[in-house]
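Colleague: Structure of the sequence below:
(2 chains)
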Amino acid sequence: MVTDTAILEAVGEVADPEVPVLTIADLGVLRGVRHEGDEVVVTITPTYSGCPAMDLIRHEVELTLQALQVDGRVETVLSPAWTTDWMSESGKAKLTEYGIAPPTGRRAVGGPVMLSLTVRCPLCGSPDTTELSHFGSTSCKSLWRCNSCREPFDHFKAL
Amino acid sequence: MSASLSDLFFYTLRLGDDALISAQRTAEWIAAAPQLEEDVALGNIGLDQLGQARSLLQYAGVVEGAGRSEDHLAYFRDEREFLNLQLCELPNGDFAHAMARLLYFATYQQLLYDELRSCDDEQLAGVAGKAVKEVAYHVDHATQWVLRLGDGTEESHRRMEQALDALWPYTAELFESDELVRRLAVAVDPSTLQDEWTRRVMAVIDESTCSRPSASYQHSGGRQGRHTEHLGYLLAELQHVARSHPGATW
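Modeller: Numbers count the residues shown, from 1 in each chain, chains lettered A, B, ... in the order given. The predicted model follows:
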């Protein structure tokens, strides 16, 4: 009998196909595991409604369950909605090392004041950076440029 | 289906069709936007809308209980069975039109989803709670462009004003109330959103230095399946692969 903790640990190692340094546990995409009769149900939640990585993540979780010889399925839940607050501290550190600025504590839009915290350049650490576009190479990222080292970089935007 | 389930099915379909048809039009901009960053931005916005459409159509299929999947509903319904707003299906026009439409539509979606996320239907509330955060970025994106173009050069101002005007006759439909939304407890009556929508949209238009649009005639009919001539062409492109090769997977 495989324990829930062992299942969570194993499926939690599934990597995000678009940001491969992060696991779905780091991201907070993995929500939990429960039992329905003899079946194990692993729940995951998308970062964005249209995130195209979800199908692959679901498939890899299924493969992991098979490798554990666990009879189970994967369920996608939308509520409560994913937030970058669920990203682990180690996940944020891994992102910076990978060259992507991790989410700051505040969303760029939608608050009473449309002003976001500065985003530090993940390459040189300078806070003197400019947002080029709210939208980047994937749904979860925005596009920035560092005014100090002049390098462009991605920022995992707060949601 | 009982009467109330049928209401829920059609209501979910309305919201899903708005998102699907908008996603298709938005995606048409990819590789045609004025700059690379804008291709990426519109690609992302379209993808958010498509994600919302998938969740909603999938749920509509479950509610209907006739075994239709999200793909069935997207690919194998005819034009008159689509219940989207006419605003969503209009051809793209120039970039100013794209931003005018996004301002009108995303502001509407933002207010609607914000209400819907506290409704008693767990699925609809879940989709809305997720989408409302994404749509905030869409509104912001449209706002920035309307301000930049409206308060830009003589030519960009002229085009922005023209676009805001051209799409205005399709905005009253957003707020039309009918028997269905009044009967269905979980539905948001769109007429309750109009004042706040007008306030927000007019604030952006005023700041953009464009004049406020007005219209003597307002189009209507999308919620009843009556569409402009453009939807048929859009669906031909959207559906043709699925219909030419039914059951194909990849």
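Colleague: tell me the contacts of B:Gly46?
Modeller: Contacts were defined as CB atoms under 8 Å, 6 or more residues apart in numbering or on different chains; by that measure B:Gly46 touches B:Ser22, B:Ala23, B:Gln24, B:Thr26, B:Ala27, B:Trp29, B:Ile30. No exception for glycine: its C-beta is placed from N, CA and C like everyone else's.
Colleague: Looking at neighbours, which among these is most surrounded?
Modeller: Highest neighbour count within the contacts of B:Gly46: B:Ser22, with 28 neighbours (other CB atoms under 10 Å in any protein chain shown).
Colleague: can you tell me which residues contact it?
Modeller: Contacts of B:Ser22 by CB under 8 Å, 6+ apart are B:Gly46, B:Gln49, B:Asn84, B:Cys88, B:Phe105.
Colleague: Sticking with the residue in chain B positioned nearest to chain A, tell me its helix or strand.
Modeller: Of all residues in chain B, B:Gly51 sits closest to chain A, at 2.7 Å by CB to the nearest CB. Using DSSP states H and E, B:Gly51 maps to helix B:36-64.
Colleague: Point out the other helices and strands that the following helix or strand past that helix packs with.
Modeller: Next helix or strand after helix B:36-64 toward the C-terminus (DSSP H and E): helix B:70-75. Packing partners of helix B:70-75 (3 or more CB pairs under 8 Å, 6 or more residues apart in numbering or on different chains; DSSP states H and E): helix B:3-27, helix B:36-64, helix B:230-244.
Colleague: now the most centrally placed residue in chain A: how far from chain B?
Modeller: For chain A, the residue nearest the mean C-alpha position is A:Leu27 (3.2 Å; CA atoms, centre = their mean). Here A:Leu27 is placed at a distance of 15 Å from chain B (CB to the nearest CB, to the nearest Å).
Colleague: helix, strand or coil for A:Leu159?
Modeller: Three-state assignment for A:Leu159 (DSSP: H, G, I helix; E, B strand; the rest coil): coil.
Colleague: From B:Arg80, how far out is it?
Modeller: To B:Arg80, A:Leu159 is 37 Å away according to CB to CB, to the nearest Å.
Colleague: so how many other residues sit close to the closest residue to B:Phe175 other than its chain neighbours?
Modeller: In this structure, B:Phe175 finds its nearest non-sequential neighbour in B:Gln194, 4.1 Å apart by CB to CB, 6 or more residues apart in numbering or on different chains. By other CB under 10 Å, the residues close to B:Gln194 number 17.
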